[in-house]
Every structure is written in structure tokens, then in C-alpha cells.
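>>> task: produce atomic coordinates for the following.
(one chain, ligands or ions: 1)
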Amino acid sequence: MSLGIANSKPKQQNVAEAVERARDAYNRGVTRPLKWRLQQLKNLLRMYEENQNAMIEALRKDLRRSKMESVMLEVAYLINDLRSIIHNLEDWAKPEKPEKGFVNMLDDVVIYHDPYGVTLVIGAWNYPLQLLLLPMSGAIAGGNAVIVKPSELATACAAFVAETIPKYLDNDAIIVVEGGPQETTELLKQKFDYIFFTGGTSIGKIVYEAAVKNLTPVTLELGGKSPVYIDNTADIMITTKRVLWGKFINAGQTCIAPDYILCTKETQDKFVAAAKKVLQEWYGPEPQKSPDFARIINSRHFSRLQALVDASKDKIAIGGSYDANDKFVELTVLTNVVGSDKIMQDEIFGPILPIVPVENAYEAIKFINEREKPLVLYVFSKSDKVLSQIVDNTSSGGMCVNDTMMHLAVESLPFGGVGASGLGAYHGKKTFETFTHKKSCLVKNFSPIGEKLASGRYPPYTDGNLKMLNLLLRKRFGPSLKFLPYLLCFAVGAGLSYGIFAWQKALSEDS
Ligand code: NAD
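Predicted coordinates:
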């Protein structure tokens with residue numbers, strides 16, 4: 001495997017060299033100016049726009065993904081996200097002026113958005129462009145240098161990134177390093193100022209452990225089993241379509257794909273009947289021939305899924321076939337699954353959808369809470385009572401009610417996991433915040449009034465000074481003091497106007 005950097009020295013040395021080059025660029029201040037960041041982001045936008053077909057083709061090669069899914073979930077998604085960053089960056093990067101208390105009325109209280117320094121972004125193979133390039137744009141927007149490591153399993157996309165990025169972006173501050181576990185291990189031996197990782201929970205732990213050595217802050221975008229609870233009140237046809245779409249898009253190889261369904265036996269029967277109709281409508285009698293259905297990334301993942309189907313033979317209600325030569329696994333729905341079944345042990349990450357019957361929402365909550373915290377929890381219900389019961393009694397990275405996947409498209413909703421499903425979040429403004437450190441700063445001046453007011457802090461300590469300090473520091477929860485300076489200006493202005501008016505009146509009476 002080649003490294004996406006210019007020279008051809010041994011790999012390990014090149015990894016260290018790449019990080020050193022990025023560090024040098026950061027230390028020279030290359031990445032900090034807003035002008036540089038905006039220029040790089042505009043170049044990146046041009047790269048997306050000029051290479052849309054190449055991106056779609058790379059995704060087709062890696063996943064046999066349809067154009068529609070590739071555009072919707074990667075190309076257009078990246079373009080729109082980047083447009084928003086470019087549009088908002090100046091505003092986001094401005095120092096914040098938070099509210100200040102009475103004691104700081106004469107001071108400046110500021111929060112600066114500092115870049116971290118040299119950042120590392122490690123991508124996964126299932127959305128090989130979006131999951132790598134979106135955090136990369138956040139790192140650039142934050143004023144960081146960045147090393148990006150695409151997943152070695154999506155070979156065409158990794159090659160696209162390694163070849164294209166150097167043509168559009170600053171080669172010293174934004175560097176692509178290609179490779180698998182060996183190269184990533186080498187990378188993780190280097191010192192980074194922030195690491196953003198997307199992938200499975202087990203590798204996430206390796207990354208976290210490596211980061212601890214340098215106390216490097218991390219975002220871990222991990223996976224897990226995301227449940228769907230379908231209440232008896234849900235519209236079953238709409239629910240079925242939305243669940244199947246979320247499950248079978250990218251052949252189920254999506255971190256937020258519904259992993260399994262919890263519902264009553266009655267709802268299970270209705271779901272299966274509706275699913276048969278929907279799948280027939282979407283993919284026809286021979287789904288393998290449908291151009292809209294993606295393939296499994298490689299033979300290892302295919303064999304893993306094949307073993308899961310084989311272990312569930314007696315529970316198949318829909319589908320169940322596969323073809324190793326084509327890395328095709330049919331859309332498969334399993335019924336009457338129980339928690340101890342093989343299919344319920346790990347994240348499925350493929351087009352198999354088990355249904356676990358439960359009696360009610362209470363049982364569903366218990367089932368969910370007995371397992372690791374999911375990346376997302378889906379609920380389909382018309383009942384506000386059921387909804388608040390689930391919201392109040394479960395913990396998950398996020399929730400989406402009466403739909404699947406669509407929460408990802410809401411820019412104002414930070415996306416990330418909790419517990420085993422991840423640490424930290426991004427999307428929209430949160431991406432910028434993730435890649436910047438909030439540096440708090442109090443700016444005082446040498447005004448004699450301020451010095452006099454706070455002089456009670458100096459020794460010799462007296463009860464009188466303590467009383468005065470307590471009065472100044474006392475927390476007050478009345479109206480905001482934010483507008484006090486304006487009110488004072490207004491009062492002074494009004495007083496002056498009144499004085500001038502009275503003076504003129506007196507003059508005219510005298511004459
Ligand atoms: P993975 O953990 O196998 O690989 C992720 C990255 O880690 C790759 O770049 C890979 O090269 C690197 N890597 C692999 N082995 C390594 C090792 N031993 N040491 C260091 N680095 C190593 O994940 P994947 O198979 O690419 O992706 C699938 C997983 O990612 C699923 O669990 C899925 O849920 C999760 N995922 C999460 C999100 C999210 O946003 N939360 C998005 C997509 C995928």
C-alpha cells in the first residue's frame with residue numbers, strides 16, 4: 001500500500017515525516033489566518049464540484065452503490081455542509097463575548113476559538129468520503145493542520161482522496177496518509193493535538209488508549225446496535241417503508257442503520273406483511289438484479305453476514321439468500337428473535353433485520369437498557385406518553401422519532417454517540433466547535449475606579465473588606481446586566497438633553 005505523500009522513503013519514516021511537515025506548517029502559522037482557511041475550503045468545494053463523477057464512480061467500485069445513494073449520502077451532503085461552513089465561518093470564528101457579572105462590569109470577558117494544532121482524522125469504509133472529508137473540513141475551518149487517513153478497505157475512494165487532495169489543497173498542512181492497521185498504528189505513535197476517529201468500538205478503544213499517552217483530546221464516532229421500537233399505534237405502512245429504507249440503504253452498512261426491531265407479535269405480523277409488499281415494489285422479484293441495491297464491501301464481511309443468515313435459518317420470514325461471487329446478501333427479515341440469538345450479539349452492519357417480540361414499551365426499555373448505549377434509538381408511535389416514557393428512561397447518542405436516518409440531515413443537531421457508541425459529536429456548527437478549543441480570557445484595565453472597587457482583596461484582611469467583597473461577588477439573578485452600559489449611556493444622554501433644555505429655557509426667560 002502506498003502513502004499519499006510525495007517521497008518514497010520507508011513507510012514508518014514517511015508517517016513521522018508527514019506529521020512533522022504538518023507540525024512545521026502549523027508552527028509557522030500557515031493554517032491560522034481566516035483567509036487561508038476560507039481559501040482552502042473554497043478549493044475543497046471546487047474539488048467536490050469538479051470531481052462529482054469521479055466520486056460517484058469510486059463509490060460504485062467500492063460498494064456498487066447506486067448514483068442516487070452516493071449523491072444523497074456523500075457528494076451532495078459534503079457540498080452542502082461545506083457551503084454552510086464557508087458561509088458561517090467568519091461568524092463562528094469571531095471571539096464570543098459571554099455575559100458577565102456585576103463584579104466584571106468594567107472588564108472584557110472573551111472566549112477565543114483556538115485551533116488545536118495538528119489533527120488526525122481516521123475514516124471508515126462504509127461512507128468512505130463523507131466520514132473522512134467532512135471532519136477534515138472542520139479541522140481546516142478551525143485553523144488546524146490535518147493528517148487524513150482513509151479506510152484501506154474502500155480502495156477506490158482511498159485512491160481518489162490520495163490523488164485528488166494534493167491537487168487542490170495546501171500540501172504541507174493537509175496531508176493524506178494511506179494505509180491499514182500498520183500505518184494507523186504508526187500514526188498513533190505520533191503526537192497529535194486532536195484525533196477524530198470513525199470506526200468500530202474495538203478499534204476506537206485502541207485509538208483512545210494511544211491518545212491517552214499524550215492526553216490528546218478525541219472524538220470517537222463508533223457503532224453498535226441501534227434499536228427500533230414500533231408501538232401498536234404507529235402507521236404500519238409508513239413505518240415499514242421508513243425502517244426498510246434506513247436498513248437497506250448501502251446494504252445495511254450504515255452506523256445508524258436500524259439494527260433490530262422491538263414490537264409486539266401483532267405488530268411483527270403486520271410489519272412482515274407490509275415489508276413483503278414494499279420490497280417487491282422497490283426491488284422486484286429478483287432483488288439481486290436491482291441496480292439500486294449495494295454490495296457487501298469485501299469477502300470477510302460477506303462471510304460474516306452469511307454465517308449470521310445460516311445461524312438464523314429457522315427464523316427467516318423474508319429473503320435469506322446470498323451469492324458469494326457477487327458479494328450479495330438478500331434483504332432478510334428474521335422474526336421471533338430472542339436476545340441470546342447469535343444475530344443479537346454484535347452490530348449486524350448488513351441487510352439483515354431481526355424482530356424481537358416484546359409485550360410493551362416497558363419491556364422494550366428494559367431490553368435496550370440491558371445492552372450498551374446505542375448510537376441512535378428509533379421510536380415509531382403516535383402516543384406522546386409512550387414517546388416521553390422512552391425519552392425519559394433510555395440513553396442513546398441521539399433519537400429519531402417516526403423516521404430513520406433523517407436526523408443526520410438536520411444541521412443544528414450534533415451527531416455522536418454515548419458510552420460504547422462514541423464520545424463527542426459533530427455536524428453543522430458543532431464540527432467547527434469540535435476542532436477548536438474555547439480559550440477563556442478576562443481582560444482587565446488599569447482604571448482607578450476598578451482598582452478601588454476591588455482593593456478589598458488585598459491584605460491586611462478586615463471584616464469590612466470581606467463584607468464589601470461578598471456584596472460585589474454575590475450571585476444576583478435579576479434582569480441581565482448585559483444592557484446596563486447602554487442603559488447608563490441612555491440615562492446620561494437623557495440627563496444631558498434635559499439639562500440643555502432647562503438651560504435654554506432659563507436663558508429665554510432672562511432675555
Ligand atoms: P474499523 O474500526 O475496522 O476501521 C476504522 C479505521 O481504523 C480504518 O481507517 C482502519 O484502517 C483503522 N484500523 C483498523 N484496524 C486498526 C488497528 N488495529 N489499529 C489502528 N487502526 C486500525 O471500522 P470500519 O470497519 O471501517 O467501519 C465500520 C464500523 O464503524 C462500524 O462499527 C460502524 O458502526 C462504525 N461507524 C461509525 C460511524 C459514526 O459516525 N458513528 C460512521 C460509520 C461507521
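>>> now for the residue in the stretch 51-200 of the chain positioned nearest to the ligand: which residues touch it?
Residue of the stretch 51-200 of the chain nearest the ligand, by Cβ to the nearest ligand atom: residue 199 (2.7 Å). Every residue, glycine included, has its C-beta placed from N, CA and C. The contact partners of residue 199, taken as Cβ atoms under 8 Å, 6 or more residues apart in numbering, are 122, 124, 151, 207, 221-223.
>>> buried subset of these, written for PyMOL?
To isolate the buried members of those in PyMOL, using 16 or more other Cβ atoms under 10 Å:
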select buried, resi 122+124+151+207+221+222+223
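>>> domains in this structure, by residue range?
What automatic domain parsing lists as the domains of the chain is 15-222+429-438, 227-413, 479-511.
>>> quick one: end-to-end distance for the first one.
Across domain 15-222+429-438, the terminal residues are separated by 30 Å (Cα to Cα, to the nearest Å).
>>> follow-up on the earlier one: okay, the contacts of residue 199 in JSON lines with distance to residue 173 next?
Below are the contacts of residue 199 laid out as JSON lines (distance: Cβ to Cβ, whole Å):
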{"residue": "122", "distance to residue 173": "18"}
{"residue": "124", "distance to residue 173": "24"}
{"residue": "151", "distance to residue 173": "22"}
{"residue": "207", "distance to residue 173": "22"}
{"residue": "221", "distance to residue 173": "23"}
{"residue": "222", "distance to residue 173": "28"}
{"residue": "223", "distance to residue 173": "31"}
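>>> which of the contacts of residue 199 fall in strands?
Among the contacts of residue 199, the members falling in strands (DSSP state E) are 122, 221.
>>> ok, so of the contacts of residue 199, who is nearest residue 366?
Nearest to residue 366 out of these is residue 223 (Cβ to Cβ; 22.6 Å).
>>> how about that closest one, phi and psi?
phi -120, psi -140 (degrees, to the nearest 10).
>>> from residue 375, how far out is it?
Residue 223 sits 6 Å away from residue 375, taking Cβ to Cβ, to the nearest Å as the criterion.
>>> what does residue 237 give?
Taking Cβ to Cβ, one finds residue 237 at 26 Å from residue 375.
>>> list the helices and strands the lowest-mean-pLDDT helix or strand in the chain packs on?
Sorting the helices and strands of the chain by mean pLDDT, DSSP states H and E puts helix 484-510 at the bottom, at a mean of 76. Applying 3 or more Cβ pairs under 8 Å, 6 or more residues apart in numbering; DSSP states H and E, we find helix 484-510 packed against no helix or strand.
>>> up against the ligand, what does the stretch 401-511 of the chain have?
417, 422 (Cβ under 6 Å from any ligand atom).
>>> would you list every one of the helices in the stretch 401-511 of the chain?
429-434, 448-453, 463-473, 484-510 (DSSP state H, counting those that start in this stretch).
>>> same check, this time on the stretch 1-150 of the chain
Residue ranges of the helices in the stretch 1-150 of the chain, as given by DSSP H, counting those that start in this stretch, are 11-27, 34-50, 52-63, 67-70, 76-93, 130-141.
>>> do the last one and the ligand meet at all?
Yes - shown here: helix 130-141 in contact with the ligand (Cβ under 6 Å from any ligand atom) through residue 131.
>>> who touches that helix?
Among residues not part of helix 130-141, those counted as contacts by Cβ under 8 Å, 6+ apart are 31, 37, 40-41, 44, 73-74, 77-78, 81-82, 85, 89, 92-93, 119, 121, 123-124, 146, 148-151, 161, 169, 174, 194, 196, 198, 219, 221, 426-427, 431-432, 434-435.
>>> report the contact partners of residue 328.
By Cβ under 8 Å, 6+ apart, the residues touching residue 328 are 288, 293, 295-296, 322.
>>> so which of those is the most crowded?
Highest neighbour count within these, by other Cβ atoms under 10 Å: residue 296, with 26 neighbours.
>>> between residue 223 and residue 375, what contacts are shared?
255, 421.
>>> at the contact with the ligand, which residues of the stretch 251-400 of the chain appear?
255, 347, 349, 375.
>>> can we see that at 8 Å?
Applying Cβ under 8 Å from any ligand atom, one finds that the stretch 251-400 of the chain approaches the ligand through 253-256, 347, 349, 375, 397.
>>> report pLDDT for residue 170.
The score at residue 170 is 98. That number is its pLDDT.
>>> state the distance from it to residue 40.
Taking Cβ to Cβ as the measure, residue 170 falls 6 Å from residue 40.
>>> could you check how far residue 47 is from residue 89?
In this view, residue 47 and residue 89 are 17 Å apart by Cβ to Cβ.
>>> need the three-state assignment for residue 188.
helix (DSSP: H, G, I helix; E, B strand; the rest coil).
>>> in contact with the nearest residue to it once chain neighbours are set aside, which residues?
Leaving out its chain neighbours, the residue that sits closest to residue 188 by Cβ to Cβ, 6 or more residues apart in numbering is residue 210, at 3.8 Å. Shown in contact with residue 210 (Cβ under 8 Å, 6+ apart): 188-189, 195.
>>> quick one: residue 210 is in a helix?
Yes - under three-state DSSP, residue 210 sits within a helix.
>>> quick check: pLDDT value at it.
98.
>>> got the phi/psi numbers for residue 254?
Backbone torsions of residue 254, given as degrees, to the nearest 10, read phi -130, psi 130.
>>> ditto for residue 144
Residue 144 has phi and psi values of phi -100, psi 160 when expressed as degrees, to the nearest 10.
>>> wait, isn't it in contact with residue 120?
No - using Cβ atoms under 8 Å, residue 144 makes no contact with residue 120, being 10.0 Å away.
>>> need the residues touching each of those two.
Both residue 144 and residue 120 are in contact with residue 194, where contact means Cβ under 8 Å, 6+ apart.
>>> give me every residue that touches the residue nearest to residue 23 when sequence neighbours are not counted.
In space, and not counting its chain neighbours, residue 23 is closest to residue 118: 5.0 Å by Cβ to Cβ, 6+ apart. Taking Cβ under 8 Å, 6+ apart, we find residue 118 in contact with 19, 22-23, 26, 144-147, 191-193.
>>> relative to residue 378, how far out is residue 206?
Relative to residue 378, and taking Cβ to Cβ, residue 206 is found at 29 Å.
>>> which of those two has more neighbours?
Counted by other Cβ under 10 Å, residue 206 and residue 378 do not tie: residue 378 has more neighbours, with 30 against 16.
>>> show me what that one is bridged to.
When bridges are called by DSSP bridges, residue 378 pairs up with residue 228, residue 400.
>>> was I right about it contacting residue 247?
No - in this structure, residue 378 is not within contact of residue 247 by Cβ under 8 Å, at 10.3 Å.
>>> what touches both of these two?
Here residue 378 and residue 247 share the contacting residues 258, 404, scored by Cβ under 8 Å, 6+ apart.
>>> tell me how far the residue of the stretch 51-200 of the chain closest to the ligand lies from residue 371.
On the measure of Cβ to Cβ, residue 199 and residue 371 end up 20 Å apart.
>>> likewise residue 474?
Distance, residue 474 to residue 371, by Cβ to Cβ: 48 Å.
>>> ok, these two, which is more surrounded?
residue 371 (13 against 10).
>>> in space, what's closest to the more buried one - neighbours in sequence excluded?
Spatially, and ignoring its direct neighbours in sequence, residue 371 is nearest to residue 225 (6.7 Å; Cβ to Cβ, 6+ apart).
>>> what of residue 382?
Nearest to residue 382 is residue 233, by Cβ to Cβ, 6+ apart, at 4.2 Å.
>>> which element is the one you found on?
Secondary structure from DSSP states H and E places residue 233 outside every helix and strand.
>>> report the separation between it and residue 248.
Distance of residue 233 to residue 248, given as Cβ to Cβ: 25 Å.
>>> more neighbours: which of those two?
Counted by other Cβ under 10 Å, residue 233 and residue 248 do not tie: residue 248 has more neighbours, with 24 against 12.
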